[in-house]
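Quick one, structure for this:
(one chain, ligands or ions: 1)
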Amino acid sequence: MLLTITTTHQPATDLGYLLHKNPERLQTTELSFGSAHVVYPEANHESCTMALLVEVDPVDLVRHRRGPTGGESSLGQYVNDRPYAASSHLAAAINKLFSTALSGRCKERPELVDAVMPLEVWLPALPVRGGSDLVHRLFDPLGYDVVATPIALDAMFPSWGASAYQDVRLGITTRLRDLLEQLLVLIPVLDDAKHYWVGPDEIERLLRRGGDWLGAHPEREFIATRYLRHDRDLTSQALERLLEVEDIEQIEGTNDNAEEAVERDLSLNEMRIAEVVGTIKASGARRVLDLGCGSAKLMQVLLAETSADKVVGLDVSHRSLAAGARRLHMDTMTPRQRERVDLLHGSLTYRDRRIEGFDAAAVVEVIEHLDPARLDSFERVVFAYAAPRMVIVTTPNVEYNGLFAGLEPGTMRHHDHRFEWTRAQFESWARAVATRHGYEVNFVGIGPLDPEAGAPTQMAVFRR
Ligand code: SAH
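Purely as a prediction, here's the structure:
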């Protein structure tokens, strides 16, 4: 089976960098069901074409029970279209060979990853259950120019009509990674072969590959149904999750998060996360707490970017915890992933033995939500009882507020803030806490530094 991808982006040979496959040579990769070859029939400045040829060994498929099973004749197990038709095997080959491009990495030319370029795809033998019409229904809404031509069952006998295969050409100007993701999902959907078992992992795969575009696709239900092999439970779980992803974005876009709106232009939230994760990483902490974790944005990065054995979030809000569980995909984690993470419902103003025995705790943009009269309890709970070796606390620096365009003078960044401190106020509170509980503390500004007002976020790092 064959797939070609052509670009006229210049220099067109950038395609080789993006795919992580050198246009100069033929590359062969062994797959569990056969082998895949990548070769470039054309590679010059103006135009570059990559051809992926996948050879499936049908005998091997049978031996390893990967081929068609069930009602097929025994001959059908050996003589079938899998070696020629661009099926889920092609999708599996794309997944394996172009994993770097799919993950959005490009070592030598990182700026290319987000480059939008003209791309043309040719699938000379795409099995389609549903005709040319279906190819249009799936690819048109994503912005592709589609030419789908049915292939005659037998060229010698036109009266026999069309086969189940289409010669498909797709044209689009997009990022290569988006194109690959869409092919990965839609090729097996067009084929609709039901010859392998699907489990909850497939939902993850579908959401990972389709998360950015499937929620808004008019055929999302059809796509999810076929991708998940008509398993009703899995399909409804996937749809629920797709729609919830949209929900969370809506909540966070509008909601309570006036704060985020004020700070958004600076991407302060990302900077805070980067700074906190960097500090935790540098400390070598293995067991990490996120206190007042909200919807688990920090936890998500901690899980992905550190080798921490355990990351535990705690929050007083059920609704935030539910959003966090969805963000982290808690319900479909493998048992091993599940062991690494926990979300706890609780309050930071009551002693909680579940948060004792950790190496580090992050308390990011939380203290200003506490009633000042409860700050003493918070201090005892975190610094006397939980007492991790390192505590990171961040809070707004009110001196910077005058520099936020969208903020009325004299108002706080969020309506639920009980106070916002100057640097002097925060530092004097933090030094007193450190002295009372045997910690050393130092201070770091996060965000653009103004010579008068300082940085928009202030961070204290306590160590003992
Ligand atoms: N740390 C997150 C959320 C900050 S918003 C982030 O940076 O995105 C403040 C969070 O503190 C909210 O999720 C709120 O529910 C939580 N919170 C407020 N009071 C709390 C308390 N007493 N105990 C635990 N969490 C609390």
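
Next, the contact list for Met117, please.
Counting by C-beta atoms under 8 Å, 6 or more residues apart in numbering, Met117 touches 7, 9, 14, 173-176. All C-beta atoms are positioned from the backbone trio N, CA, C, and that covers glycine.

Can I get the buried part of these as one ChimeraX selection?
Of the contacts of Met117, the buried ones can be selected in ChimeraX as follows, counting by 16 or more other C-beta atoms under 10 Å:
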select :7,9,14,174,175,176
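
Mind putting the contacts of Met117 into JSON lines with pLDDT?
What follows is those, written out as JSON lines (pLDDT from 0 to 100):
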{"residue": "Thr7", "pLDDT": "96"}
{"residue": "His9", "pLDDT": "93"}
{"residue": "Asp14", "pLDDT": "93"}
{"residue": "Thr173", "pLDDT": "90"}
{"residue": "Thr174", "pLDDT": "89"}
{"residue": "Arg175", "pLDDT": "89"}
{"residue": "Leu176", "pLDDT": "94"}
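
Among the contacts of Met117, which are located in strands?
7, 173-175 (DSSP state E).

Check those residues one by one and keep those near the ligand.
By C-beta under 6 Å from any ligand atom, no member of the ones in strands among the contacts of Met117 lies near the ligand.

Out of the contacts of Met117, flag the one nearest to Ser35.
Leu176 (23.3 Å; C-beta to C-beta).

Could you check how many residues crowd around the closest residue to that closest one other than its chain neighbours?
Closest residue to Leu176 apart from its sequence neighbours, by C-beta to C-beta, 6 or more residues apart in numbering: Leu18 at 5.1 Å. Residues near Leu18, counting by other C-beta atoms under 10 Å, number 26.

For my notes, confirm Leu18 occurs in a helix.
Yes. Assessed with DSSP: H, G, I helix; E, B strand; the rest coil, Leu18 lies in a helix.

Val381 versus the closest residue to Asp352 other than its chain neighbours, what's the distance?
Among residues not flanking Asp352 along the chain, Gly346 sits closest, at 5.0 Å (C-beta to C-beta, 6+ apart). From Gly346 across to Val381, the span is 10 Å (C-beta to C-beta, to the nearest Å).

how long is stretch 306-321 from one end to the other?
End-to-end span of stretch 306-321 (C-alpha to C-alpha, to the nearest Å): 21 Å.

And for stretch 188-198?
Note: stretch 188-198 ends 13 Å apart using C-alpha to C-alpha.

Could you list the contact residues of the protein toward the ligand?
Checking the chain against the ligand by C-beta under 6 Å from any ligand atom, the hits are 292-294, 297, 315-317, 320, 347-349, 364-366, 369-370.

domain parsing for this structure?
Domains of the chain are assigned by automatic domain parsing as 2-197, 264-463.

among the ones you listed, which is nearest Leu214?
domain 2-197 (7.2 Å).

what's the closest of the residues of the chain next to the ligand to Gly284?
The closest of the residues of the chain next to the ligand, once distances to Gly284 are taken by C-beta to C-beta, is Val364, at 19.8 Å.

Could you check how far the closest one is from Glu270?
Taking C-beta to C-beta, one finds Val364 at 12 Å from Glu270.

just Pro11 next, same as before
Counting by C-beta to C-beta, the gap from Pro11 to Glu270 is 32 Å.

which of the two has more neighbours?
Pro11 (14 against 11).

can you confirm that one is in a strand?
No. Read with three-state DSSP, Pro11 is coil and lies in no strand.

residues in contact with it?
Per C-beta under 8 Å, 6+ apart, neighbours of Pro11: His45.

Same question for the one 10 residues further on.
Under the criterion of C-beta under 8 Å, 6+ apart, the contact partners of Lys21 comprise 27, 38, 50, 97-98.

can you pull out the strands in this structure?
2-7, 27-31, 34-43, 48-56, 116-127, 145-152, 162-175, 287-291, 310-315, 341-345, 360-364, 390-396, 440-446, 457-463.

so what's Arg436 up against?
Applying C-beta under 8 Å, 6+ apart, the residues near Arg436 are 379, 383.

redo that, cut-off 10 Å
379-380, 383-384 (C-beta atoms under 10 Å, 6 or more residues apart in numbering).

May I see the residues you listed organised as a markdown table, with pLDDT and neighbour count added?
Shown next, in a markdown table, are those (pLDDT from 0 to 100; neighbours: other C-beta atoms under 10 Å):
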| residue | pLDDT | neighbour count |
| --- | --- | --- |
| Glu379 | 95 | 18 |
| Arg380 | 93 | 16 |
| Phe383 | 97 | 20 |
| Ala384 | 95 | 13 |
